[in-house]
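Novice: Provide a 3D model corresponding to the input given below.
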Amino acid sequence: MKKFFLLFIGLLILLSACNDTEDARVEENQSKDTKEIIVEDAEPEETKDDLSITEVQQIIDKHKEDNEAIRSQLQEKHSQEWYQQDWTFDRDDTGEEFQAAVSTVRESLSEIMTDNFLDEWAEIYTRAYFCQCDWNLTLYESISGRLEIVDQSEDQIQAKFMSLEKEGMAEQGGIMNVWTFQLDGDTWKLNEKEAVSPEDEALHLTVDDIKEAFKGKFIEETEYEGNKYLVFLNGNDFYEVWNVIDGSANYELSNKYNEVKEETEEDDAMNDDHIENNEEEFPEFTDEMVPFGGDWDRINNDEGDQGFILSRPPYMEIAIRTEEDNYLITGSFEVISENSARFYDDESGCELEMILKEDETMEVNEWTECSSLLSTPEGIYEYIVRRDI
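Specialist: Numbering: from 1, shown residues only. Purely as a prediction, here's the structure:
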């Protein structure tokens, strides 16, 4: 009887141990199932895709459009007051009137520019665009090609692009722009910009670069006075020559191409499209033209209009900047006497008489009425820079 009792007690202990083991196994399985359920139900973290080149270009284009619209609004509202001022860089403008203008410009541009950017540029924009200044701010900011994303994060983009400028007869050349945008809410605001000159970073222009920027027909690559150039024929059947390193135009070399009379024997596009020399259409350079060359600024501007002359003999460009619009006429000139010359623009029919004075000024008069222009180019101009002709 005692043995049976001990055997019964042992069976109870064994059954209890088995139950504990089974409960532990069930509990462990339930824990695994719970973990699996948690893993399955957890939503993956959202990752923000990087912006594409197209999207970055849209951001830059929108910034430029908004910038132009804001400046136009400021000019329309304050031009009568501000255009009477002379806030040039050679003056230390600390007066209340100037500081109030800078504050107004800064507040308006803060919609598309950061405080960091405006700390440097608010004053520059005020002097450049909203006063009666004797200089003109030229910014190379067109996207001519080579747009690339240098760096980007969720709230910052840094883009680089090449800008080539061709404004009339001025030798503008090109640069590389590096712009950094900062995301503020839903707006990409310009935070920094740097213009890298060809002296610091050579452009090394290709045929595709010129085609993308200016179109035209590629003729050949040539070397002239130790520099390499790309020769193109534009839509007006006029040869243009671009420096490979800095993107500047060589008008002396382009004139040589345009003045060639003989047709080559090679069966290529240059032979078919070649322009025979025409003295009236392509006037020759003469030493008598040198005193008329250079950059000239009108000193007796009328009612806020500003006049500029960019002279690269035998060609000349007359630029007029008004409160309503900016426009220019481009043509050629010929020397009539030792101190006088005649300018003519075929497109507008504007004909001007230019008379050199002893005090290095030039008087400009309308020979024929320039009726197509919004403002007369007449006035007294003084030369600012004497360019190498």
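Novice: quick one, what contacts the residue nearest the centre of the chain?
Specialist: Taking Cα atoms, centre = their mean, the centroid of the chain lies closest to E141, which sits 0.8 Å from it. Contacts for E141 (Cβ atoms under 8 Å, 6 or more residues apart in numbering) come out as K64, S163, N177. C-beta: built from backbone N, CA, C; applies to glycine.
Novice: helices of the protein, residue ranges please.
Specialist: For the chain, helices defined by DSSP state H occupy the ranges 2-41, 53-82, 96-109, 115-129, 207-214, 251-258, 269-273.
Novice: list the buried residues of the fifth one.
Specialist: Applying a neighbour-count criterion of 16 or more other Cβ atoms under 10 Å, one finds D209, I210, A213 buried in helix 207-214.
Novice: from the chain's centre, how far out does that helix sit?
Specialist: 15 Å (Cα atoms, centre = their mean, to the nearest Å).
Novice: which outside residues touch that helix?
Specialist: Residues from elsewhere that reach helix 207-214, judged by Cβ under 8 Å, 6+ apart: 144-146, 162, 164, 166, 203, 216, 218, 230, 232, 234, 240, 242.
Novice: would you list those residues in JSON lines and tack on neighbour count and pLDDT?
Specialist: Converted to JSON lines, the contacts of helix 207-214 look like this (neighbours: other Cβ atoms under 10 Å; pLDDT from 0 to 100):
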{"residue": "S144", "neighbour count": "23", "pLDDT": "86"}
{"residue": "G145", "neighbour count": "18", "pLDDT": "88"}
{"residue": "R146", "neighbour count": "15", "pLDDT": "91"}
{"residue": "M162", "neighbour count": "23", "pLDDT": "91"}
{"residue": "L164", "neighbour count": "24", "pLDDT": "86"}
{"residue": "K166", "neighbour count": "19", "pLDDT": "68"}
{"residue": "L203", "neighbour count": "23", "pLDDT": "91"}
{"residue": "G216", "neighbour count": "20", "pLDDT": "86"}
{"residue": "F218", "neighbour count": "14", "pLDDT": "94"}
{"residue": "L230", "neighbour count": "22", "pLDDT": "94"}
{"residue": "F232", "neighbour count": "22", "pLDDT": "91"}
{"residue": "N234", "neighbour count": "13", "pLDDT": "83"}
{"residue": "E240", "neighbour count": "23", "pLDDT": "87"}
{"residue": "W242", "neighbour count": "29", "pLDDT": "89"}
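Novice: A202 - nearest residue in space that isn't next to it in sequence?
Specialist: I245 (4.8 Å; Cβ to Cβ, 6 or more residues apart in numbering).
Novice: what sits against that neighbour?
Specialist: Counting by Cβ under 8 Å, 6+ apart, I245 touches P198, A202, L203, H204, L205, N227, K228.
Novice: what ranges do the strands span in the stretch 251-389 of the chain?
Specialist: With DSSP state E, counting those that start in this stretch, the ranges of strands along the stretch 251-389 of the chain come out as 294-298, 306-312, 315-321, 326-337, 340-344, 351-356, 361-368, 379-385.
Novice: before we move on, the earlier item: filter the contacts of I245 down to the buried ones and hand me the ChimeraX line.
Specialist: Entered in ChimeraX, the line below selects the buried ones among these, by 16+ other Cβ under 10 Å:
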select :198,203,205
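Novice: any idea which of the contacts of I245 is closest to R342?
Specialist: If you rank the contacts of I245 by distance to R342 using Cβ to Cβ, N227 comes first, at 33.3 Å.
Novice: the closest one is in contact with V241, isn't it?
Specialist: No. The criterion here is Cβ atoms under 8 Å, and N227 misses it with V241 at 10.1 Å.
Novice: output the below-cut-off pLDDT ranges for the stretch 51-200 of the chain.
Specialist: Applying pLDDT under 70 to the stretch 51-200 of the chain flags the ranges 83-95, 131-138, 166-172.
Novice: turn the contacts of E141 into CSV, including distance to G294 and neighbour count.
Specialist: CSV is the format used below for the contacts of E141 (distance: Cβ to Cβ, whole Å; neighbours: other Cβ atoms under 10 Å):
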residue, distance to G294, neighbour count
K64, 31, 14
S163, 25, 21
N177, 28, 22
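Novice: can you add distance to Q152 and give the residues you listed back as JSON lines?
Specialist: Formatted as JSON lines, these follow (distance: Cβ to Cβ, whole Å):
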{"residue": "K64", "distance to Q152": "19"}
{"residue": "S163", "distance to Q152": "21"}
{"residue": "N177", "distance to Q152": "16"}
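Novice: how many neighbours does the closest residue to G173 other than its chain neighbours have?
Specialist: Leaving aside its sequence neighbours, G173 sits nearest to S248 (Cβ to Cβ, 6+ apart; 4.0 Å). Neighbourhood size, S248 [other Cβ atoms under 10 Å]: 20.
Novice: ok so, going back, looking at the contacts of I245, spot the one nearest F308.
Specialist: For those, the residue nearest F308 by Cβ to Cβ is P198; the value is 24.0 Å.
Novice: hang on, the earlier thing: of all the buried residues of helix 207-214, which comes closest to S103?
Specialist: A213 (37.9 Å).
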